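1. task: produce atomic coordinates for the following.
(one chain, ligands or ions: 1)
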Amino acid sequence: MDKVVRSLCADLISEKSVAWTVPVEIARELEATFMRELDKAENAVTKPVGPRKPLVSRSSSIVSAGEGESDVSAASDASPGPGAPRPLGGVSPVGGRRMPVHRRKNRGRNTPGGDESDPATPPPARKGKAARKWDDSSISAEDAQSLDYSSSSLNLAADSRIDSVEHLVDQASLGRTNRDGSYVPQELGNPSATASAPSKMPAFLTSVQNLFSTSRALTRADLEPVLAKMENHLIGKNVAAEVTRDLLESVAVALEGKRIGWTSVYQHIRQALEDRLQRILLPSAGTDLLRDLQDVVRGDHRPYVMVMCGVNGVGKSTNLAKITFWLLQNRVSVLIAACDTFRSGAVEQLRTHVRNLRALVEQLGHDDVKIELFERGYGKDAAGIAKEATNYAKANGFQTVLIDTAGRMQDNEPLMRSLAKLTALNRPDKIVFVGEALVGNESIDQLTKFNTALRDFSNQADPRDIDALLLTKFDLIADKVGAAVSMTYITRRPILFVGTGQTYTDLKRINVKVVVDALLAA
Ligand code: GDP
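-> Next up is the predicted model:
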């Protein structure tokens, strides 16, 4: 019972837990209550109760989150065509579309304070967990030591085994394999359904029905009431004012001078928005990551280096793992560099992903594809680790290095300086800003400040800034797609992918038709 409670609380306390989203304070309160009740219960059966051990640290809960004890389940025997990736797992995801809810196996080796199973080891006195300081000051050697949960510098423990991984891949969300054998993630939404679906007239148009008639050409004055209603509508969908004006202008230009009857006006507006958004969201350059990567690997004979940055908790590590899954499907060997050396549990989270992904690669039967984690623990210089990782990748035949960085607030100057140092020292091929579509226009402020900081703090004549965006939690925004549109419009940076959930297949390509549908939806 004691173990179960500890396990549960440790998972709750873990901010990195993929399955729970319980505020840390509430989790701690729960822990205290559980422990009190447990003590009472134990006293009631007249068992002498010594002081309890503190709960395992956040990071060890994450380590054990990936350390199930069952073997990797057998690969699916479904056999696809030549060159096609084999479908993963033999069963549909269990329990909906969540990332693994690993049963925690509470094992002494991850528990600070000794092996619980060893009765000879006296339990240490229960004392509150000393609050770790997360400020901008540099980390002392002592802190670094205590934060360094990594056993060896590289890779996974040789004896590590994992729970089954089928539920990490949603069969229904798998992408398609092109004729050239490349694996392409699905598009957002269901394009085939939306393309042919009869479009429902949005409410803002029905109120101005009488303006449209084929008997005379529309003037700008005729359009004003429509545009005014449409403006309110788009702003209600989180589209920033500046972008709304641009979209309205393209609609006005498309309609002005036309003789359009009521029945076709909606189609004209849709088409105008689609054309404009196609250029905003999917500029021709910068979105074919696989081709860019192959050009670098073949042309420069070095790994392609990509940095993921953004604020805390937006989904950097999770979506880095999803990108890895996509690359592995394309037979690209990936080295993940654990450069979030700041936050407890970050390295372990990546280690868990690497273990899962390696099991999935085995299921794919891609024996020539490698996936490893490069880590140096905590408290160390992230820029230096990224450099080391890249050298290691080059020496060991990896085609790409994906660099995970610590989450940071856009106004935190010391942390922004350290990110600028990382990008200046490593000159990555792609700097990807990971932002939550969910937070709306706040992400525009984040993105602009990240960009400015990268430029201003790099101390270089030709500073880099953000190259592309990855917008997460699209599955949670319903039709409020405006922030995504605004972010790309304001930064002129393309959306590489959108995250749509918590399995490895929840990485989608943006689909302009779906975005337009969402923007116009009532
Ligand atoms: P990081 O701190 O930026 O590295 O964030 P994490 O990768 O740890 O993700 C934070 C939480 O967001 C985790 O619970 C993830 O499972 C969840 N998450 C990440 N991407 C998505 C997404 O696209 N949709 C949903 N619903 N959750 C996501």
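
2. any regions of the chain where pLDDT drops low?
-> Applying pLDDT under 70 to the chain flags residues 1-163, 190-201, 207-215, 284-286, 440.

3. and if we set it to 50?
-> Across the chain, the ranges flagged by pLDDT under 50 are 2, 4-5, 9-22, 24-25, 27, 38-39, 41-141, 143-160, 190-198.

4. and the strands in it?
-> For the chain, applying DSSP state E gives strands covering 176-177, 183-184, 304-309, 334-339, 371-374, 400-405, 430-436, 468-472, 495-499, 507-508.

5. closest one to the ligand among those strands?
-> Nearest to the ligand among the strands of the chain is strand 495-499 (2.7 Å), distances taken as C-beta to the nearest ligand atom. Backbone N, C-alpha and C define where each C-beta goes, glycine included.

6. got the angle for the closest one vs strand 304-309?
-> 60 degrees (axes from the mean of the first three to the mean of the last three C-alpha atoms, to 10 degrees).

7. which strands and helices sit next to strand 495-499?
-> helix 316-329, strand 468-472, helix 482-491, strand 507-508 (3 or more C-beta pairs under 8 Å, 6 or more residues apart in numbering; DSSP states H and E).

8. repeat that for 7 Å
-> Helices and strands touching strand 495-499, by 3 or more C-beta pairs under 7 Å, 6 or more residues apart in numbering; DSSP states H and E, are strand 468-472, strand 507-508.

9. just put the ones you listed in JSON lines and tack on mean neighbour count.
-> As requested, the helices and strands packed on strand 495-499 are arranged in JSON lines below (neighbours: other C-beta atoms under 10 Å):
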{"stretch": "strand 468-472", "mean neighbour count": "24"}
{"stretch": "strand 507-508", "mean neighbour count": "24"}
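
10. and the residue of the stretch 251-400 of the chain nearest the ligand?
-> Gly315 (2.9 Å).

11. excluding chain neighbours, what is closest to that residue?
-> Thr472 (3.7 Å; C-beta to C-beta, 6 or more residues apart in numbering).

12. repeat that for Val514.
-> Nearest one to Val514, counting by C-beta to C-beta, 6+ apart, is Gly189 at 3.5 Å.

13. roughly how far does that neighbour sit from the ligand?
-> 14 Å (C-beta to the nearest ligand atom, to the nearest Å).

14. now do Leu234
-> 24 Å.

15. that residue - nearest residue in space that isn't next to it in sequence?
-> Thr244 (4.6 Å).

16. which residues sit in contact with the one you found?
-> Shown in contact with Thr244 (C-beta atoms under 7 Å, 6 or more residues apart in numbering): 231, 234-235.

17. in ChimeraX, how would I select the buried members of those?
-> Buried residues within the contacts of Thr244, by 16 or more other C-beta atoms under 10 Å, are selected in ChimeraX with:
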select :231,234
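
18. give me the neighbour count for Val514.
-> 21 (other C-beta atoms under 10 Å).

19. er, Gly377 I mean
-> 18.

20. do the same with Gly397
-> Gly397 has 11 nearby residues by other C-beta under 10 Å.

21. helices of the stretch 251-400 of the chain, residue ranges please.
-> 262-281, 289-300, 316-329, 346-364, 382-395 (DSSP state H, counting those that start in this stretch).

22. just the buried residues of the last one, please?
-> Neighbour-count burial for helix 382-395 flags 382-390, 392-393 (criterion: 16+ other C-beta under 10 Å).

23. next one: the first one
-> Residues of helix 262-281 classed as buried under the neighbour-count rule (16+ other C-beta under 10 Å) are 262, 265-266, 268-270, 272-274, 276-277, 280-281.

24. go through those and name the one nearest Ala437.
-> Minimum distance to Ala437 across the buried residues of helix 262-281 is 12.6 Å, recorded for Leu281 (C-beta to C-beta).

25. from Ile510, how far out is that closest one?
-> 6 Å (C-beta to C-beta, to the nearest Å).

26. then Glu224?
-> Glu224 sits 31 Å away from Ile510, taking C-beta to C-beta as the criterion.

27. between the two, who's got more neighbours?
-> Ile510 (25 against 13).

28. residues shared between the contacts of Leu281 and Ile510?
-> Joint contacts of Leu281 and Ile510 (C-beta under 7 Å, 6+ apart) are Ile495.
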